[in-house]
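A.B. asks: output the structure for:
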Amino acid sequence: MPKNEIIDFSNQLKELAKDLSFLARPRYPLEELQKLFPQHKNFISELEDVSSPYAIDAKAKRQAIDNFLTHIETSNLSPEMKEIFRERAIDYGYLLSMMENFGSDKFYELCKKIYGTSLDPEKNKLFQVFLNEVEPFCSEEFSEIKLKGDEALQYLRSKLQATFTDTDIEVKASTSLLSDSSAGRKVLKLNPNKVYSTQQLDIFLVHEGWAHLGTSLNGSLQIAHPWLGTWAPRTTLLQEGLAILTELITNCMTKERWNKVKLRHLGTTMAEKGSSIKDVYAFLRLQEMEELDAFKLSLRIFRGVPLDGGRAFTKELLYLYGLLKLLNHLEKNQTNLKTLWVGKVSFEEHQVLLDRWGEFNPLIKYYPQELEDPLAQKRLKQLQKMISKYF
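C.D. replies: Have a look, this model is predicted:
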């Protein structure tokens, strides 16, 4: 395998990915939101308006993507590596177009190309039955210890340090999150204004910390294949499925948390079928979700699309679809769970790695040893066996 070319193209891919993320601070039609949700005016004031341009030279970025694709075809890379690089670059092109069409119908059409849609009868076959069968793997909320602000941040720091030694991972406060927590390459962010149980913080630990940060750290260590450390939209399905699976097998997933994951999926489905942001918000409130939490989730679902319904930001579907596909992928390949911590990979890319593991010889330094616990392994096998009836 031509290592120098792989490293060179990996570095080019990393450059292409720069400035293409609109998830951290998405734009919204603020005037419309203020009219629809006057009770949330303070939070709305922290958002950016959809008219604010993204700081990116779209013409230059598109030219760079086209040049990359041309050079890939004339390279000496294997067909498998050409496909990996080609598909990632095409996805970056979709992201660029989504940024150019933020807030429009076209954004939704591009979103479906990357993340898919709930309006797929085959995908939804027996889906509700599967969700019900997962329910017994969820625990009751039992934690009596409540933490907020610096105490919550320090709790997560100490837990992360136990798994990821010799790293410069940071845990930071962020009041602008549309979720309670999120992870970047080496940063875990937490809303400091909410009170959390230690059980809830453990969920953030395994989801954002063990899964998302862990794969980022391992990907950054790959010398021969640096592309494993670079995010691409096609890796999201496996990433979110992996994070949810980690919650389930470590017994961190509570019934309350599982219900919120399902509501995220159902709300997105409602939006795609025609429900407006007001309809989705009302539905979430009827499910006893707190006002601000319901509003934030509604905003997540309507990122980049008009608020009147019929479109959605379908990335919100990937948590459950990713779980379903990941369990099938594991059962089909009978692979070690640890191989999924190699970096940021899609299912197709992971299959290439598995088929040629000795040739790729990837480094997996950071892996939560708690996942090797016999109980975690038992729960994993039970979930894998359950999945056979859906495929």
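A.B. asks: tell me how many other residues surround Gly149.
C.D. replies: 14 (other C-beta atoms under 10 Å). The C-beta positions use only the backbone N, C-alpha and C, and glycine is treated the same way.
A.B. asks: pLDDT weak spots in the stretch 51-200 of the chain?
C.D. replies: Residues of the stretch 51-200 of the chain meeting the criterion pLDDT under 70: 121-126, 176-178.
A.B. asks: show me where it has helices.
C.D. replies: 58-73, 79-100, 105-115, 127-134, 150-163, 198-204 (DSSP state H, counting those that start in this stretch).
A.B. asks: tell me which of those lies nearest to Glu349.
C.D. replies: helix 79-100 (5.5 Å; C-beta to C-beta).
A.B. asks: the closest one vs helix 105-115, what angle?
C.D. replies: 160 degrees (axes from the mean of the first three to the mean of the last three C-alpha atoms, to 10 degrees).
A.B. asks: what sits against Ser181?
C.D. replies: Residues near Ser181 by C-beta atoms under 8 Å, 6 or more residues apart in numbering: Leu188, Lys189, Leu190, Asn191, Phe204, His207, Glu208.
A.B. asks: hmm, 10 Å instead?
C.D. replies: Shown in contact with Ser181 (C-beta atoms under 10 Å, 6 or more residues apart in numbering): 152, 156, 171, 174, 188-191, 194, 196, 200-201, 203-205, 207-209, 212.
A.B. asks: for it, give its distance to Ala152.
C.D. replies: 10 Å (C-beta to C-beta, to the nearest Å).
A.B. asks: give me the common contacts of the two.
C.D. replies: Val171, Leu190, Asn191, Lys194, Tyr196, Gln200, Leu201, Phe204.
A.B. asks: and the helix or strand harbouring Thr236, what does it pack against?
C.D. replies: Thr236 is part of helix 236-249, with elements assigned from DSSP states H and E. Applying 3 or more C-beta pairs under 10 Å, 6 or more residues apart in numbering; DSSP states H and E, one finds that helix 236-249 contacts helix 105-115, helix 198-204, helix 214-220, helix 255-272, helix 318-333, helix 347-355, helix 374-386.
A.B. asks: export stretch 61-77 as PDB, just CAs?
C.D. replies: Taking Å, rounded to 0.1, in the frame of the first residue of the first chain, the C-alpha atoms of stretch 61-77 are listed here in PDB:
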ATOM      1  CA  LYS A  61     -13.400  25.100  -1.300                       C
ATOM      2  CA  ARG A  62     -15.400  23.500  -4.200                       C
ATOM      3  CA  GLN A  63     -12.300  23.800  -6.500                       C
ATOM      4  CA  ALA A  64     -10.200  22.100  -3.800                       C
ATOM      5  CA  ILE A  65     -12.700  19.300  -3.600                       C
ATOM      6  CA  ASP A  66     -12.800  18.900  -7.400                       C
ATOM      7  CA  ASN A  67      -9.000  18.900  -7.600                       C
ATOM      8  CA  PHE A  68      -8.800  16.300  -4.800                       C
ATOM      9  CA  LEU A  69     -11.200  14.000  -6.600                       C
ATOM     10  CA  THR A  70      -9.200  14.300  -9.900                       C
ATOM     11  CA  HIS A  71      -5.900  13.500  -8.200                       C
ATOM     12  CA  ILE A  72      -7.400  10.500  -6.400                       C
ATOM     13  CA  GLU A  73      -8.400   8.800  -9.700                       C
ATOM     14  CA  THR A  74      -4.800   9.100 -11.100                       C
ATOM     15  CA  SER A  75      -3.200   7.900  -7.800                       C
ATOM     16  CA  ASN A  76      -1.600   4.500  -7.100                       C
ATOM     17  CA  LEU A  77      -3.900   3.800  -4.200                       C
END
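A.B. asks: buried sites along it?
C.D. replies: Under the neighbour-count criterion of 16 or more other C-beta atoms under 10 Å, stretch 61-77 has Lys61, Ala64, Ile65, Phe68, Ile72, Ser75, Leu77 buried.
A.B. asks: what does stretch 375-391 give?
C.D. replies: In stretch 375-391, counting by 16+ other C-beta under 10 Å, buried: Ala376, Arg379, Leu380, Leu383, Gln384, Ile387.
A.B. asks: in JSON lines: these, plus pLDDT and distance to Leu237.
C.D. replies: Shown next, in JSON lines, are those (pLDDT from 0 to 100; distance: C-beta to C-beta, whole Å):
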{"residue": "Ala376", "pLDDT": "95", "distance to Leu237": "22"}
{"residue": "Arg379", "pLDDT": "95", "distance to Leu237": "22"}
{"residue": "Leu380", "pLDDT": "95", "distance to Leu237": "19"}
{"residue": "Leu383", "pLDDT": "93", "distance to Leu237": "17"}
{"residue": "Gln384", "pLDDT": "90", "distance to Leu237": "18"}
{"residue": "Ile387", "pLDDT": "80", "distance to Leu237": "15"}
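A.B. asks: with distance to Phe22 added, can I get these in JSON lines?
C.D. replies: Listed next are the buried residues of stretch 375-391 as JSON lines, based on distance: C-beta to C-beta, whole Å:
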{"residue": "Ala376", "distance to Phe22": "35"}
{"residue": "Arg379", "distance to Phe22": "36"}
{"residue": "Leu380", "distance to Phe22": "34"}
{"residue": "Leu383", "distance to Phe22": "33"}
{"residue": "Gln384", "distance to Phe22": "35"}
{"residue": "Ile387", "distance to Phe22": "33"}
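A.B. asks: closest to Arg264 out of those residues?
C.D. replies: Among the buried residues of stretch 375-391, and counting by C-beta to C-beta, the member closest to Arg264 is Leu383, at 19.7 Å.
A.B. asks: measure that closest one to Leu330 for me?
C.D. replies: 9 Å.
A.B. asks: can you list residues touching both of those two?
C.D. replies: By C-beta under 10 Å, 6+ apart, the residues touching both Leu383 and Leu330 are Leu245.
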